[in-house]
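In: Model the following, please.
(one chain, ligands or ions: 3)
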Amino acid sequence: MEKFTEIAAAFQCRGSYLGEDPYGSGHINDTFKVCYDDGGQQVHYIHQRINREVFRDVPALMENIGRVTRHQRKKLKAAAVADPNRRVLTLVPTLEGEDYHIDSEGACWRTFEFIEGALGHDIVESLDQAFEVARAFGEFQGQLIDLPGRLHETIPDFHHTRSRFVDLQRAITADSHDRVREITDEIEFALAREKMVDVVLDLMAAGEIPERVTHNDTKLNNVLIDTTTGEGLCVIDLDTVMPGSILYDVGDMIRTTTSTAKEDETDLSKVEMDIKHFEAIIMGYLKSASGFIVPFERQLLAFSGRLISYETGIRFLTDFLQGDVYFKTQRERQNLDRCRSQFKMVKSIERQMDAMRQIVKAC
Ligand code: ADP
Ligand code: GN1
Ligand code: MG
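Out: Ligands and ions are numbered 1, 2, ... in the order given. The predicted model follows:
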């Protein structure tokens with residue numbers, strides 16, 4: 001495609017451009033796996049068009065990613081691990097040495113070395129995989145625990161659940177697409193749970209839960225799993241790495257890695273929080289995080305799954321009310337389906353909260 005000839009020419013990629021395929025299933029950016037011919041050998045890169053509606057300050061975003069990946073690389077080098085370049089993202093600079101390129105239409109692009117022999121999964125395949133994903137995200141937090149200076153907040157109030165709740169209330173009042181009347185059950189479900197939105201925020205404000213460098217988008221598919229060994233190899237999708245609570249990360253792992261249903265599953269009988277997967281996540285996470293987690297954080301690990309499933313559900317519901325302007329959709333009412341499956345997760349977690357707390361205690 002013509003567009004990629006322009007993008008290929010902008011970055012310091014090896015070889016000449018052959019072709020591209022849309023890649024992955026992210027809801028925000030546009031990702032392409034691009035093939036190059038390097039002296040008869042095929043090499044791949046990831047070219048990514050950054051969503052500027054969502055990420056307003058691209059220089060700050062890219063500065064974060066540069067700082068984070070350099071720090072990770074330093075840690076990997078110090079630990080003398082095998083294959084460091086498959087364990088951290090590598091940004092490819094533009095010909096001018098910048099870490100992003102603005103194309104002729106004003107869109108922002110960045111490029112990563114493609115990590116071969118590893119895949120991100122949309123649905124968890126095994127308990128071992130759940131363990132590995134959680135271990136990898138915990139390891140990522142551990143690598144960044146001593147990152148000097150504070151990162152930019154690439155999306156202000158990203159996991160500020162109170163703000164997300166207020167956004168929902170505003171969308172209900174505005175009802176700009178005349179959708180409120182068809183979703184009164186979902187609205188009632190959301191509003192009835194207002195009490196939980198301040199729990200983590202209040203503890204953070206009181207200094208009981210520390211602010212740390214967290215990933216903030218710890219979906220299952222944001223860890224590349226080695227296709228041969230099954231190891232959780234590389235944490236990707238670093239746009240939202242910024243100050244936060246580890247509970248946001250653990251909560252999103254629980255949301256996406258304890259159910260074997262799709263995020264937009266319409267058969268809600270399939271959407272359940274599976275306690276065995278939860279146990280695998282907690283064990284994997286604590287394998288990496290036991291050295292830095294504090295008691296208040298540990299106490300809220302089970303709750304975090306309820307909170308982030310709820311928060312993500314109300315974000316989908318808000319977007320549905322606003323006419324599907326934030327998350328990419330492939331079909332009508334997809335955001336509503338996504339919301340319903342998140343709320344089903346909330347219910348499933350609420351039913352199993354005691355058992356989940358027991359598991360955390362036992363680990
Ligand atoms: P989004 O923000 O849209 O979720 P991601 O950064 O997660 O974008 O990338 C989308 C998909 O592309 C990922 O799920 C993963 O499968 C793949 N991917 C991203 N970066 C790499 C990489 N450096 N090497 C191999 N695959 C990658
Ligand atoms: C978005 O980009 P992606 O698909 O990894 C969203 C997350 C949501 C997730 C829901 C920047 O993540 O916050 O939890 O969709 N990312 C942003 O699937 O809003
Ligand atoms: Mg992603």
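In: The helix or strand of the chain with the lowest mean pLDDT: what's the following helix or strand?
Out: In the chain, no helix or strand scores lower on mean pLDDT, DSSP states H and E than helix 2-10, which sits at a mean of 92. Using DSSP states H and E, the helix or strand that follows helix 2-10 in sequence is strand 16-22.
In: Briefly note if that next one comes near ligand 1.
Out: No. Using CB under 6 Å from any ligand atom, strand 16-22 stays clear of ligand 1, coming no nearer than 9.6 Å. Just so you know, the C-beta spots here come from the backbone N, C-alpha and C atoms, and that holds for glycine as well.
In: okay, that strand in CSV with CA atoms only?
Out: Taking C-alpha atoms only, strand 16-22 is exported to CSV below (Å, rounded to 0.1, in the frame of the first residue of the first chain):
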residue,chain,number,x,y,z
SER,A,16,12.9,-2.9,1.4
TYR,A,17,9.2,-2.8,2.1
LEU,A,18,7.3,-5.9,0.8
GLY,A,19,3.8,-5.7,2.3
GLU,A,20,1.7,-5.3,5.4
ASP,A,21,-1.2,-6.9,7.4
PRO,A,22,-3.4,-5.4,10.0
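In: So the residue nearest the centre of the chain, which state does it fall into?
Out: Central residue of the chain (CA atoms, centre = their mean): Asp217, 2.1 Å from the mean position. For Asp217, the assignment made with DSSP: H, G, I helix; E, B strand; the rest coil gives coil.
In: for it, what are its contacts?
Out: Shown in contact with Asp217 (CB atoms under 8 Å, 6 or more residues apart in numbering): Asp237, Asp239, Thr240, Asp252.
In: what about Val92, neighbour count?
Out: Residues within reach of Val92, counting by other CB atoms under 10 Å, total 17.
In: Let me know whether it touches Phe11 as I believe.
Out: Yes. Contact status for Val92 versus Phe11: in contact at 5.1 Å, counting by CB atoms under 8 Å.
In: For the stretch 151-300 of the chain, which residues score under the pLDDT cut-off?
Out: Within the stretch 151-300 of the chain, the set of residues satisfying pLDDT under 70 is empty.
In: Can you name the residue of it nearest ligand 1?
Out: Residue of the stretch 151-300 of the chain nearest ligand 1, by CB to the nearest ligand atom: Asp237 (3.4 Å).
In: Roughly how far does the nearest residue to that residue once chain neighbours are set aside sit from ligand 2?
Out: Distances taken as CB to CB, 6 or more residues apart in numbering place Asn222 nearest to Asp237, at 4.3 Å, with adjacent residues excluded. Going from Asn222 to ligand 2 by CB to the nearest ligand atom, to the nearest Å gives 6 Å.
In: so what's Asn222 up against?
Out: Counting by CB under 8 Å, 6+ apart, Asn222 makes contact with Gly120, His215, Val235, Ile236, Asp237.
In: got it, and Gly232?
Out: For Gly232, the contact set (CB under 8 Å, 6+ apart) comprises Gln129, Glu132, Val133, Ala134, Arg135, Ala136, Phe137, Val223, Leu224, Ile225, Asp226, Gly284.
In: quick one on the thing from earlier: how about TSV for the contacts of Asn222, with distance to Asp37 added?
Out: Shown next, in TSV, are the contacts of Asn222 (distance: CB to CB, whole Å):
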residue	distance to Asp37
Gly120	26
His215	35
Val235	30
Ile236	25
Asp237	28
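In: Cheers, nothing more for now.
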